[in-house]
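>>> A structural model of the following input is requested.
(chains A, B and C)
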Amino acid sequence: MGRQPCCDKLGVKKGPWTTEEDQKLINFIITKGQCCWRAVPKLAGLRRCGKSCRLRWTNYLRPDLKRGLLNESEEQLVIDLHARLGNRWSKIAARMPGRTDNEIKNHWNTHIKKKLLKKGIDPITHEPLVKETKTSSSEVIKLTKNHSPSSPSENTNTTIIENLSSSTPSETSLTIHQDNNLETIFNEDDEKLLGYLLGENEPPLMIDTIRTCELPNFNNFYSWDDCTNWLLDCQDFGVHDFGLDSFKD
DNA sequence: AATCACGGCAACCGCGTTCCC
DNA sequence: CGGGAACGCGGTTGCCGTGAT
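Reported below is the predicted structural model:
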């Protein structure tokens, strides 16, 4: 059933590539072309995993690669693309001929990040750095509801803010602001809440509490993908392409 | 000269997706 | 259709070179 294993785990060499290995891989790719990476090590006479061969070729040996540090204009392009695409290095690299995702990622982490921070720009949001509280300018969903958990006479205003500055749902942080005694509810089981938000477990008690206080149809919220696909499309094509320049504000 | 600390980068790891049987 | 392996991607690690002490 299924495919053959990509490589024999035993006897597979790891670590830095030698010039001899490089030469073998280059010779093989040049003469045979890129086929299935699973077969490459065996056919090329290398004691390496196919995955390792692919990485070595795409990141280092490919003849169309530019070598050396990124120049000013390339850096600026990376910054612009990162602002639109986030940490999707392969997408960024696809728009920069001769550069690899690994190279761009490394350059971003070691050089560009620091430069932006020096300039007072948040490398994640690309917004000017401010002395910020837990909330930031990237908050895009705010759900506000009057809520009276323990005493009907108390008019408690609770705001749940989902911070979408992270690129994936798993990185999403949830901040709950409260005016008074909701602490007992929301501190009750943060782990369960997080797990629920990530779709890993059943809703904790507090979610039922929220549901029962007339939130606008909590069960009919769009899925994460539904909420963000349009945004990714905008990022891929650029906000300008959609005539949504006003969103920048 | 020896040692330590740090930065840069190549390579590995782990996970989600795609593909094949 | 389901199981399992390959593929591709982003995050992380670890080695190596260099500068500081």
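>>> got the domain ranges for chain A?
A:1-63, A:72-118, A:139-216 (automatic domain parsing).
>>> hmm, the second one touching DNA strand B?
Yes - Domain A:72-118 comes into contact with DNA strand B when judged by Cβ under 7 Å from any atom of the strand, the residues involved being A:102, A:103, A:105, A:106, A:107, A:109, A:110, A:111, A:114. Where C-beta positions appear, they are placed from N, C-alpha and C, glycine not excepted.
>>> out of those, which two sit at the greatest distance?
A:102 and A:114 (18.7 Å; Cβ to Cβ).
>>> any idea which of the domains of chain A scores lowest on pLDDT?
In terms of average pLDDT, domain A:139-216 trails the rest of those, at a mean of 35.
>>> would the strand or helix carrying residue A:20 count as contacting DNA strand B?
Element membership of residue A:20, judged by DSSP states H and E, is helix A:19-32. No - using Cβ under 7 Å from any atom of the strand, helix A:19-32 stays clear of DNA strand B, with a minimum separation of 8.1 Å.
>>> next structured bit after that helix?
That would be, after helix A:19-32 and using DSSP H and E, helix A:40-44.
>>> for PyMOL, write a command that selects the buried ones of the residues of domain A:72-118 next to DNA strand B.
Buried residues within those, by 16 or more other Cβ atoms under 10 Å, are selected in PyMOL with:
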select buried, chain A and resi 103+105+107
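>>> mind putting the residues of domain A:72-118 next to DNA strand B in TSV, secondary structure included?
Formatted as TSV, the residues of domain A:72-118 next to DNA strand B follow (DSSP: H, G, I helix; E, B strand; the rest coil):
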residue	secondary structure
A:102	helix
A:103	helix
A:105	helix
A:106	helix
A:107	helix
A:109	helix
A:110	helix
A:111	helix
A:114	helix
